[in-house]
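# I would like the atomic coordinates for the input below:
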Amino acid sequence: ETSITNWKDDKSAAISITFDDASINQFRQALPVMNNLGITGTFFINTKNISESQYKPMFIGRPISEIIEESVSHPTTQENLFERASAVRFLNIENAVDLHNNAGSLFEEGKISESIAKVDEAFADARMKKSSPEVKSGSQQSNIISWNEIRQFAEQGHEFGNHTISHPRLAVLDEPNILFEIEKCKEELLNQLGADHTFSLECPFGTENERVMEYAYKIHPALRNRMPEKFLEEINRWNDMTPGASRKEYIQWQRGPLQKTSVALMKSWVDTLMVHDNVWLVLTFHGVDGIGWEAKPHEELEEYFSYMKKHEPNLWITPFRDATKYMRERMGATLKTTDLKDKISVSLAHTLDPSLYNFPLTLKTYINPDWKNITVKQGSQSVTVIRAADKSGGYILYDVLPNSEEIEILRVD
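Have a look, this model is predicted:
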């Protein structure tokens, strides 16, 4: 009997530690804590916050001066809202980004007229030239990280994902500006880090706007915002549903610790994983040590991550990308076993895109008790494995690549 374990190495649950926005202390304080503990995570980055990025925030469309002039006689409507909300961030007014964000938030709450009013307010300010002529394109950081450093972090096993160039409210952008923010951030990641870091995307503000999701899924295979799968229950950061309430094969349980969130509560989330075998805890952090939104002290992160590490025999602590690949490959795999006298042959395949889905899966095979010394071979790779036992009998665990050579389990005693 052979099966694919729920999680890598037959762990009880999975945890993905994710950070948003690329604020400096994520790298100066939190990441060293993770490295010291030997755990890896995912950093969803705004590439404008990284020095030497090729693509800068910009408005894609007709001249903004033309839109400003048009707004004198033609107020904002639902028909032109997306174009104007896209341009608002780049108006020559002091609070341009705040007005854009407010308009986007109101739009996602279904308050369309209030959203339109915010955009009209921004253009009225621009016409009156109430503030500095500097073009605004998002909050600026005095301390930024370099791509050379990011490459070193990636080599240490951390994943870097797309969080757009400059963190706009995508739900109120028009198509050219949505695509520019997502596609050019992806292109930057590809050029700087390679294809392994173009798998995951988190659209800013945790949006689940259907229009944005449709665009985003055409560009990236995995979104932390939403991952609609028949086998996956998604419990987002704002949902009070408990993991035990779902009967689906997997549960993605997102939690977003804020400044007021106690370490005791965060530890309780880890404890919850121990009584299930299908829960994936996805944590979302932002600021660290006073820099960034809802900043957590690095001492709290160290205590919390150490608690996870203590339970690592039962927990698979892994980047968002790898947990996603494992689940999808497992759910899409076919497994065939042939039992011969001194050999067991296993074939493992899935129908997913092999250029994206190439993560090793852990197989569990129950072995005749007469077999003492066992080798697992796939292609040119061969490893000696150690027997373990549970209530069903003796078994071995081994990692293999799907859609590769046939696996041979050999009795060598």
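
# ranges for the helices of the stretch 251-400 of the chain?
Using DSSP state H, counting those that start in this stretch, the helices found in the stretch 251-400 of the chain span residues 263-273, 298-310, 320-331.

# Show me what counts as buried in the first one.
Spelled out, that is helix 263-273. Buried positions in helix 263-273, judged by neighbour count with 16 or more other Cβ atoms under 10 Å: 263, 266, 269, 270, 272, 273. C-beta coordinates here come from the backbone N, C-alpha and C atoms, glycine included.

# before we move on, back to that, can I get the helices of the stretch 251-400 of the chain in a markdown table including distance to residue 362 and mean pLDDT?
Shown next, in a markdown table, are the helices of the stretch 251-400 of the chain (distance: least, Cβ to Cβ, whole Å; pLDDT from 0 to 100):
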| stretch | distance to residue 362 | mean pLDDT |
| --- | --- | --- |
| helix 263-273 | 18 | 98 |
| helix 298-310 | 20 | 98 |
| helix 320-331 | 9 | 98 |
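
# Of all the ones you listed, which one comes closest to residue 209?
The closest of the helices of the stretch 251-400 of the chain to residue 209 is helix 320-331. By Cβ to Cβ, the value is 20.4 Å.

# Now do the buried residues in stretch 300-318.
Neighbour counts over stretch 300-318 (16+ other Cβ under 10 Å) mark 300, 301, 302, 304, 305, 308, 311, 315, 316, 317, 318 as buried.

# Could you measure from the third one over to residue 31?
According to Cβ to Cβ, to the nearest Å, residue 302 and residue 31 sit 12 Å apart.

# how about low-confidence regions in the stretch 51-200 of the chain?
Judged by pLDDT under 70, the stretch 51-200 of the chain has its weakly predicted residues at 130-142.

# and with 50 instead?
131-140 (pLDDT under 50).

# the strands in it, which residues?
Applying DSSP state E, counting those that start in this stretch to the stretch 51-200 of the chain gives strands spanning 145-146, 159-162, 200-201.

# possible to save these as CSV with distance to residue 99 and mean neighbour count?
Formatted as CSV, the strands of the stretch 51-200 of the chain follow (distance: least, Cβ to Cβ, whole Å; neighbours: other Cβ atoms under 10 Å):
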stretch, distance to residue 99, mean neighbour count
strand 145-146, 29, 17
strand 159-162, 25, 26
strand 200-201, 26, 24
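
# Distance to residue 64 added to the ones you listed, as CSV?
Output for the strands of the stretch 51-200 of the chain, formatted as CSV (distance: least, Cβ to Cβ, whole Å):
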stretch, distance to residue 64
strand 145-146, 30
strand 159-162, 26
strand 200-201, 27
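
# quick one, which of the ones you listed is nearest to residue 230?
Short answer: strand 200-201, nearest of those by Cβ to Cβ, at 20.6 Å.

# Residue 167 and residue 103, how far apart?
15 Å.

# And these two? Which one has more around it.
residue 103 (28 against 23; other Cβ atoms under 10 Å).

# shouldn't that one be in contact with residue 169?
Yes. Contact criterion Cβ atoms under 8 Å: residue 103 and residue 169 qualify, at 7.2 Å.

# shared neighbours of the two, which are they?
residue 85 (Cβ atoms under 8 Å, 6 or more residues apart in numbering).

# Residue 394 and residue 365 touch, don't they?
No. Counting by Cβ under 8 Å, residue 394 sits too far from residue 365 to count as a contact (9.9 Å).

# What segments of the stretch 201-350 of the chain are strands?
Under DSSP E, counting those that start in this stretch, the stretch 201-350 of the chain gives strands at 222-223, 232-235, 250-255, 279-285, 315-317, 333-339, 343-350.

# what pairs with the second one, and is each one parallel or antiparallel?
Looking back up the chat, that one is strand 232-235. strand 250-255 (parallel) (DSSP bridges).

# what's the answer for the fifth one, then?
Here strand 315-317 has these sheet partners by DSSP bridges: strand 13-20 (parallel).

# Need the CA coordinates for the partner strand. CSV is fine.
Coordinates of the C-alpha atoms in strand 13-20 are reproduced here as CSV (Å, rounded to 0.1, in the frame of the first residue of the first chain):
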residue,chain,number,x,y,z
ALA,A,13,0.3,20.5,9.3
ALA,A,14,2.0,23.3,7.3
ILE,A,15,2.9,26.9,8.1
SER,A,16,3.8,29.7,5.7
ILE,A,17,5.2,32.9,7.3
THR,A,18,4.6,35.7,4.9
PHE,A,19,5.6,39.4,5.0
ASP,A,20,4.1,42.3,2.9
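
# and that strand with helix 320-331, angle?
140 degrees (axes from the mean of the first three to the mean of the last three Cα atoms, to 10 degrees).

# Mean confidence (pLDDT) on strand 13-20, please.
On average, the pLDDT along strand 13-20 is 98.

# Give me the residues contacting that strand.
Strand 13-20 has contacts (Cβ under 8 Å, 6+ apart) with 7-8, 26, 30, 34, 39, 41-44, 161, 163, 202, 204, 224, 270, 273-274, 276-286, 305, 308, 314-320, 323, 326.

# Of these, keep whichever come out buried.
7-8, 26, 30, 34, 39, 41-44, 161, 163, 202, 204, 224, 270, 273, 278-286, 305, 308, 315-320, 323, 326.

# if I read this right, residue 216 contacts residue 182, doesn't it?
Yes. Here residue 216 reaches residue 182: they are 6.3 Å apart, a contact under Cβ under 8 Å.

# Quickly list what's touching both of those two.
Applying Cβ under 8 Å, 6+ apart, one finds that residue 216 and residue 182 are jointly contacted by 201, 203.

# Can you check the distance spanned by stretch 356-370, start to finish?
40 Å (Cα to Cα, to the nearest Å).

# What are the buried residues along that stretch?
In stretch 356-370, counting by 16+ other Cβ under 10 Å, buried: 356, 357, 359, 360, 361, 362, 363, 364, 365, 366, 367.
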